[in-house]
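Visitor: Build me a model:
(chains A and B)
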Amino acid sequence: MIEELSKVDSWRALPPPGANLLVALRKLPEAQSRIALHPLGALQISQRFAPLDAKIDRVGAQKPSDGKRFSLSAASAAFVKRRDVDERFAPAQFEDLSDNERLSRKAFEPRHGGVELSAAGAQLESGAAIVRVARYDLITIDTNARSHRFRFAVLAKVFFNRLFAGAAVARSPLSMKSRKTRVPVEDGVKEKSEGFAVALQENNRSFKADSAYFASEGAAREWMQSAVAKDRNLADRLHVLPHFELAA
Amino acid sequence: MSDALGSYTFLPWLRQGVARTITNQDNDAGVHLRATTHVELTLDGQGIDGSALKAQVARDVELYGPGEVIGIDSRAIIRTDPHPWITNVEPNYLAHIEFYEEDFPWRYTPAAPDASRLRLRPWIALVVLKDTGDSATSEFRDAKALADRPLPFISVKDFAAFPPPNELWAWAHVHVNEHLGGAPSELVAVDVGAAVGRLENALSGNPDIAYSRIVCPRRLEENGAYHAFLVPTFERGRLAGLGMGPDQAPFATASAWVDYGGRPEPLNMPYYHRWYFRTGGAGDFESLVRLLKWKTADPRVGRRDIDVQYPGSNIEGILDADLDGVLRLGGALRAPFDTLTESGRKEFEKYENWAKSNWPHPFQKRLARFINLADAYTRVPADQARTDAGLPPPTEPDDMDPLITSPIYGEWQALLHRLLTDPAGAPHRGPSRGADESRGVARIDTDRASRASLRRAHRHARLSVRLLAARPRRLAIGADAPQRGE
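Guide: As a prediction, the model looks like this:
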């Protein structure tokens, strides 16, 4: 597993999600480009050797000699795990399945293969900050030809902000203002992959709040097995369902 | 001072994402290619016998730097000051360029901020070079674009006009249109961590409140032509822009305009963006405002005498002896009444209230008769309408064409088709009104309506007088109208 994670091919630098880089980047040689990371991007480390966060009964035809369960986490303080990366694993390669299960389970299931790291802590950083109240010179000349200078006339924030509505930044094609003009609605269609749930056999309701959604059948089964291991009485009461069959 | 005042916050630099993990110092000759960041992973395992297993996986990850950038999207730039092709720029201002992304000028800098955490060199710089129109005295010349060059470039005479590389940190900042301090009085000693947190919150609500700016420190001369260029700060950026391998640079943070042994094409400089402007003479808005001098307005300001003796259109003019044949047309700006002398005030009152004492003035009646012709033509034959209005017959006896009349301004808004009409004969009131058993009620209505109608009529008559008087020659005149001076 360590060997697999240490391979250059297991490390991938991802561009920033959904963001336009606003620069043209030089094409790097393949070896460099795999691990050259964009400053706003994320780092993905994943392997397809064996699933993580899952019980490994076997690897192909062999029994594992050292461990039966692995998980990956960020050790450097500067990085934090953003999410798990799913890879496609064949359940029959890692789980002891009966012939019946082999036929009924999918050939490949998404299971955790690695992690995606991004910079830890607050996303912005700076060294200092200075505030200035926007003040203006106000000069009044009265009818006796005397000039009165009122230094530092100030604007109320509401009026001040109102003036920014037509500022250069608001007129930029990237600005929120012009984006809202183009797409005034905020809702949209969100896709979600099919999931699995551990439910009660008697009414198909989710057994517990944290058993309502699993990305793969294998993960759901594993959760069910661990629940049964704690309480034998549950053995005949729980089953794994596709998420959409769950009773509300 | 309350929080509700318009305030700006300035940050000397801003970094985002993985760029914050860079630890290499600026001008570190040991970092040859790119800034790196160290990533360590822990692999936890559960042994066959239930024991805990632990292993580390580590790798240095390189970050994209200026040597990888070969172009900037023009949308990233929200404003340049001066605007391109402005030819009378105030020379006491400094040229600058603004970017929509708040961290853009520091995003690819392959170094960490200095020990004080106040200074971080941006990876792009703004330079302004003089163009005299003569290649011998201009500070640069355009180089020929070649196919294998990713960026256009110029050939610079020498780099004396470029800002010193070690001062570039001072010429870029983040501009936020919000008060990011904790308390309203917190202006200088702002808690940076908290301020940046507030910035992050504010940006998630409205990303348009902050932007970054790079200023060119060059003092501009009066009446000069300049080209501004957005150029790479680091030698790796320069080499990448010229289409050469950036790895030839001596180290990652080497300056793009400091010479070193074997520097390829030493005077060529690629640019990501350019624009042109000319400076004018001295005198920005502030200096012009300060030149304003106080002066009493002349009583004639904003009033114009107009000759009303011959308004045309077959209408006799105003021939009142005390008005001397003129009325005064008021403008939007005029000398304040209080500044006038006693005689000036009397004069003003005389012309302002020329028709007040004898309203409606005979001229207003004549004008109303003329204007009412338009409505009369829709009801009776043209010659009868003319006779009813008391207008002279046409010069040709068989000319039965109607006169060309003036429309009533705001006729349909006011629903008023005739001016100064006798209430009894008003067209919008039926002749049977007031003749039935509810006579009392009808009379009150009639009185009220006639007062409103008169007020409106007065207003419109005055308007029409002004219209007629202001543009006497452009008015359509009937064929039989006597011309001025006849």
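
Visitor: mind checking how far A:Lys177 is from chain B?
Guide: Counting by C-beta to the nearest C-beta, to the nearest Å, the separation of A:Lys177 from chain B is 6 Å. Using the backbone N, CA and C atoms, a C-beta is placed for each residue, glycine as well.

Visitor: One more: A:Phe152?
Guide: With C-beta to the nearest C-beta as the criterion, A:Phe152 and chain B are 10 Å apart.

Visitor: Tell me who's in contact with that residue.
Guide: A:135-137 (C-beta atoms under 8 Å, 6 or more residues apart in numbering or on different chains).

Visitor: Can you give the strand pairings for the helix or strand that contains it, parallel or anti for each?
Guide: Per DSSP states H and E, A:Phe152 falls inside strand A:147-154. Counting by DSSP bridges, the strands paired with strand A:147-154 are strand A:135-141 (antiparallel).

Visitor: Is residue 93 in a helix, a strand, or coil?
Guide: You didn't say which chain, so I picked chain A. Using DSSP: H, G, I helix; E, B strand; the rest coil, the structure places A:Gln93 in helix.

Visitor: not what I meant, chain B
Guide: Under three-state DSSP, B:Tyr93 falls in the coil class.

Visitor: Can you give me the neighbour number for it?
Guide: 12 (other C-beta atoms under 10 Å in any protein chain shown).

Visitor: What's the mean pLDDT across the helix or strand containing B:His175?
Guide: Here B:His175 is covered by strand B:172-176, with elements defined by DSSP H and E. Per-residue pLDDT values over strand B:172-176 give a mean of 94.

Visitor: Is any residue of that strand near chain A?
Guide: Yes. Judged by C-beta under 8 Å from any C-beta of the partner chain, strand B:172-176 and chain A are in contact via B:Val174.

Visitor: still on that earlier bit, now the element after the strand holding A:Phe152, going C-ward?
Guide: helix A:157-163.

Visitor: in the following helix or strand past that next one, what's buried?
Guide: Next along the chain after helix A:157-163, taking DSSP H and E as the criterion, comes helix A:168-171. Using 16 or more other C-beta atoms under 10 Å in any protein chain shown as the test for burial, helix A:168-171 gives A:168-170.

Visitor: Model confidence score at B:Gly312, please.
Guide: Model confidence at B:Gly312, expressed as pLDDT, equals 78.

Visitor: By proximity to chain B, which residue of chain A wins?
Guide: A:Phe160 (2.6 Å; C-beta to the nearest C-beta).

Visitor: In contact with that residue: list those residues for me.
Guide: A:134, B:5-7, B:177 are the contacts of A:Phe160 under C-beta under 8 Å, 6+ apart.

Visitor: Would you check which pair of those lies furthest apart?
Guide: Greatest spatial distance among the contacts of A:Phe160 (C-beta to C-beta): B:Leu5 and B:Asn177, at 12.1 Å.

Visitor: So the two - more neighbours on which side?
Guide: Counted by other C-beta under 10 Å, B:Leu5 and B:Asn177 do not tie: B:Asn177 has more neighbours, with 22 against 16.
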